[in-house]
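>>> need coordinates for the following:
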Amino acid sequence: MEELREKGTVSGAGNCPGRNQKPSEASVKSLQGTYKEHGALMIEQMRGNLNTNIDECGNSSVGTSGKSEQYLKEEMCRNVVSILNEFDNITAKVLNEMKDEVISIKGSVTSSIHKCTSLHNDLSQFHEIVQKIGDHKELCLIASIKCKHIIQQALTLLGKSGKAFNVQRKSVHNVKIPSDSYECSIEGICVLTDGQVLVADYFNKRVKLLNQQYQVVSHWDVNAQPVDICLITPSEVAVAVNDHDSKIHEVQFITVNQGKLVSGRKFQLQHECTFITHHQGDLFVTSGQELYKYSLNGKLICRLYQDRSGDYTVDKCAVSPTGDRLYIISHYPQNKLLTLARDGTLLATYSDPALRGPRGLHVTPAGQVLVCGFLSYTVLQVGWEGESKLANLATEEDGVRNPESVCYSSTTSSIIVGQGKEDTILVFRVE
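Numbering: from 1, shown residues only. As a prediction, the model looks like this:
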């Protein structure tokens, strides 16, 4: 692809929200430690002050009368009372601060309990509906789609987004067909709800449909290089098509109908497009240096993020299941994964030697973040906060070569990796 020549400055929007609260258990332990340290310090101070007063009284009592001794005793008592009062006052202040902290922790726990209760009730209703539907597959599919966001919220709340995948086995599948003119370069992957897979073959300008055994069963030729593909409905996908020289920048919708690909509506873009993803009616499109949000009918809603400091600084994008986080690959020259808030505010930046030349990017329904190092031949999993690596899932030793795209299939519990100038895709079964 041609490089974008325009350069400029980095810009974002909004204010960075506060960091996540500490877990309740850690907060309570911290409070306990603070209280013990404070108590030990105050007792040591009391001991020192009392010893000083006793020494002073002992030194002063030499050669004094009984009246003077009585005065010194009273003075010592007043000093002791003063020390005790100071201890009580400081302790009361610390205890009040601890009380406020405990109230805050209790509020956080209560909020989490309410969320869990609400999600439990929603999921229970979904379970009852599915039981009543019985073996009616079409109605089950509709119900699962409508409740998908509830299931995603539950998985995120239960912390599944922080669980690292464990690779069990690998398989290799050829996606080249006789009419292909060039080597395959799979720049986009999308998994349908029934387990079929769509891939965007860049050099052959084709979208290919693979069955559950990853065999090509149908294809559709597009008028320029397909750079990415994303799911819109159970049977419809959107394909980002781009050709710099011909100035073709558009979104093409394709429907899967009985094992065939059928072209549908499309709309033009006024900028380059390098990636596309969808979340609850919003299309997120990158241009190489900007991230835009569109409606499904092609209306530009806003520009969420921009970085003109280099070429392909805003290369690819993915959205968390709950829609509160956006992940961006800054391909060149940063070699970084950026995490944004929904309004485009930069929350985190992650870099890693295994992320050299980052290309493929995907977020699973449970919020697990997958990203590929194109030049480092690596597929890795990053924490949902976008700040740390959880695991290297596949490397050159596993057959990874210039990974361009990655996608997770819930149907087969597999990670599918598309590669540049390779006629095969890699499928890693995980748990």
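>>> for residue 172, see how far away residue 423 is.
10 Å (CB to CB, to the nearest Å). For glycine as for every other residue, the C-beta is placed from the backbone atoms N, C-alpha and C.
>>> kindly report the same for residue 333.
Residue 333 sits 33 Å away from residue 172, going by CB to CB.
>>> still on that earlier bit, between residue 423 and residue 172, which is the more surrounded one?
Higher neighbour count among residue 423 and residue 172: residue 423, with 17 against 11, using other CB atoms under 10 Å.
>>> just checking, the more buried one touches residue 176?
Yes: using CB atoms under 8 Å, residue 423 is in contact with residue 176, at 4.0 Å.
>>> joint contacts of these two?
Taking CB atoms under 8 Å, 6 or more residues apart in numbering as the criterion, residue 423 and residue 176 both touch 183-184.
>>> show me how this protein divides into domains.
24-144, 162-430 (automatic domain parsing).
>>> any chance of the ones you listed in CSV, with mean pLDDT too?
CSV is the format used below for those (pLDDT from 0 to 100):
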stretch, mean pLDDT
domain 24-144, 66
domain 162-430, 94
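>>> need the winner for burial among those.
When the domains of the chain are scored by mean count of other CB atoms under 10 Å, the highest mean neighbour count falls to domain 162-430 (a mean of 19).
>>> how about the secondary structure of the residue positioned nearest the centre of the chain?
Closest to where the C-alpha atoms of the chain average out (CA atoms, centre = their mean) is residue 384, at 3.2 Å. Three-state call for residue 384 (DSSP: H, G, I helix; E, B strand; the rest coil): coil.
>>> got the phi/psi numbers for it?
Per-residue torsions, residue 384: phi -60, psi -20 (degrees, to the nearest 10).
>>> does it touch residue 364 like I think?
No: Residue 384 is beyond contact range of residue 364, at 10.1 Å (criterion: CB under 8 Å).
>>> list the residues that contact both of these two?
Counting by CB under 8 Å, 6+ apart, residue 384 and residue 364 have no contacts in common.
>>> can you pull out the helices in the chain?
With helices called from DSSP state H, the chain shows them at 24-60, 66-133, 137-146, 148-157.
>>> now the strands for the stretch 151-300 of the chain?
167-174, 186-191, 197-201, 206-210, 216-221, 225-233, 236-243, 248-257, 260-268, 275-279, 282-286, 290-295, 300-307 (DSSP state E, counting those that start in this stretch).
>>> of all these, which lies closest to residue 368?
Among those, the nearest to residue 368 by CB to CB is strand 167-174 (13.1 Å).
>>> output the contacting helices and strands for the closest one.
Applying 3 or more CB pairs under 8 Å, 6 or more residues apart in numbering; DSSP states H and E, we find strand 167-174 packed against strand 389-394, strand 424-430.
>>> give me the contacts around the last one.
This means strand 424-430. Against strand 424-430 from outside (CB under 8 Å, 6+ apart): 165-175, 184, 186, 189, 199, 214, 379, 393-394, 398-400, 412-419.
>>> rerun that using 7 Å as the cut-off
Identification of contacts with strand 424-430 by CB atoms under 7 Å, 6 or more residues apart in numbering yields 165-175, 186, 199, 214, 393-394, 399-400, 413-418.
>>> if we can go back for a sec, closest to residue 78 out of the strands of the stretch 151-300 of the chain?
With CB to CB as the measure, strand 300-307 is the member of those nearest residue 78 (66.8 Å).
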